[in-house]
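*Asks:* What follows is a predicted protein model with its sequence.
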Amino acid sequence: MPIFTIRSPLYDKLPKELYDGAFQVWIAPGGEYEHGRPCGYYFQDKTWWCSIEHLIGWSREILHTLKAESLTRHIWVGAKLTWLCGHAFQLDYKAEPLYRVSGTQKRLHSSQLIGFAKSAIELLGEADCTYDQWAGTEDRHLLSAIQKHMEERRGHHWALDDHIERHGHLDAYIRDQNHRNSIHHPRYPIIGPKNLSGIGQTYCNTFLNAAFQAGTFTGAATIYNALHSANPSDTSDGTEAAYTGYARQAITCNSTNFPNASAGTITYGPIITFPTNTGSLETETAVSWQGASSGGTQPNWWGTLLANVGVGTNIAPQFNASALITSGV
């Protein structure tokens, strides 16, 4: 007869709160020594909860991705998880390295989150909880699990394969997670800059005059997507990309490429692929919509990238389908 082993925590030692009260314990009713009772942690607004294994794994994730030595040793500059502990803490782009507690105005410094993560692992360990969602029992096991996970995803996209080769499995994992977490969360709207959220003053003036002087505004039939190695602004183009082979990409303006706007934003649907870099590495920091194929002194719309992108030799930078969102609010 097979023997089944059920891992049960020491219920009386489970901490009532973790992460400064952001997570609160829940244990199904039952006898004090009854094994196998469901348990976990509710997020503070009681709209979702997580297993103990996930909370341990997320805590180890914080230690590996936020600790200064990890950032130096493993992670390409600029790579930070935009969400931590599921959707509990979101990076505040306007006040890095602060993270906002979702659904509140409370902000925590990354050093505080590292302290809370260490405490969570220690306290849960005292309750005989050591397994994370990757089935690891020690902090160091997380890196091995991430490496295995990213190796299994090789071959899905050339850019992912190239990124693993250039910057390692952990950095690729962070950027992959950030892409997945960029999906709109209805209860916790994404804060910080959205792609293409700035507007050039000259372009802005044209439709402000039309709106308030009983005039008309007609959009261009073609606009041009551009990359930048130094951020543009409302009055300047910053420094546009200049790697060998670079050129702005012409985009036709119509309802197929740009379906109707919603909630003050409009999304460009197709993929945008820039020419291959046949020269040396250049790092891009921003993207913009331009009114012409070259030249100009300021963009129509612009925005910083969520993370800097290095365009190395023989690399053709690309925006995935529906990746560019232009905000008018």
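*Replies:* Good, I have the coordinates. Numbering: from 1, shown residues only.
*Asks:* okay, CA-based contacts and neighbour counts for the rest of this
*Replies:* Noted.
*Asks:* Count the neighbours of the closest residue to residue 10 other than its chain neighbours for me.
*Replies:* Closest residue in space to residue 10, ignoring its immediate chain neighbours: residue 127 at 4.7 Å, by C-alpha to C-alpha, 6 or more residues apart in numbering. Around residue 127 sit 17 other residues, with neighbours defined as other C-alpha atoms under 10 Å.
*Asks:* Residue 127 reaches residue 52, doesn't it?
*Replies:* No: the pair residue 127 / residue 52 is not scored as a contact, 10.7 Å apart, by C-alpha atoms under 8 Å.
*Asks:* Tell me, please, where in the stretch 51-200 of the chain the pLDDT is lower than the cut-off.
*Replies:* 67-79, 93-96, 180-197 (pLDDT under 70).
*Asks:* Please enumerate the helices of it.
*Replies:* 52-66, 68-73, 110-126, 141-152, 158-167, 169-181 (DSSP state H, counting those that start in this stretch).
*Asks:* if we compare those helices, which one ends up closest to residue 247?
*Replies:* Ranking the helices of the stretch 51-200 of the chain by proximity to residue 247 (C-alpha to C-alpha) places helix 158-167 first, at 19.8 Å.
*Asks:* I'd like to know which elements the closest one is packed against.
*Replies:* Under the contact definition 3 or more C-alpha pairs under 8 Å, 6 or more residues apart in numbering; DSSP states H and E, helix 158-167 sits against helix 169-181.
*Asks:* how distant is the helix it packs on from the center of its chain?
*Replies:* Once both centres are worked out by C-alpha atoms, centre = their mean, to the nearest Å, helix 169-181 turns out to sit 7 Å from its chain's centre.
*Asks:* how near is the closest residue to residue 16 other than its chain neighbours to residue 220?
*Replies:* Spatial nearest neighbour of residue 16, excluding adjacent residues (C-alpha to C-alpha, 6+ apart): residue 25 at 5.1 Å. Distance of residue 25 to residue 220, given as C-alpha to C-alpha, to the nearest Å: 56 Å.
*Asks:* With neighbour numbers in mind, choose between those two.
*Replies:* With neighbours defined as other C-alpha under 10 Å, residue 25 and residue 220 compare such that residue 25 has more, 19 against 11.
*Asks:* show me the contacts for residue 24.
*Replies:* Counting by C-alpha atoms under 8 Å, 6 or more residues apart in numbering, residue 24 touches 16-18, 41-44.
*Asks:* So which of these belong to strands?
*Replies:* 17-18, 41-43 (DSSP state E).
*Asks:* most surrounded residue in these?
*Replies:* Using other C-alpha under 10 Å as the neighbour criterion, residue 41 leads those with 23 neighbours.
*Asks:* Residue 120 contacts residue 56, correct?
*Replies:* Yes: counting by C-alpha under 8 Å, residue 56 is a contact partner of residue 120 at 7.2 Å.
*Asks:* Between the two, which has more neighbouring residues?
*Replies:* Shown here are residue 120 and residue 56; by other C-alpha under 10 Å, residue 56 has more neighbours (29 against 20).
*Asks:* For the more buried one, give me its contacts.
*Replies:* Contacts of residue 56 (C-alpha under 8 Å, 6+ apart): 120-121, 124, 130-133.
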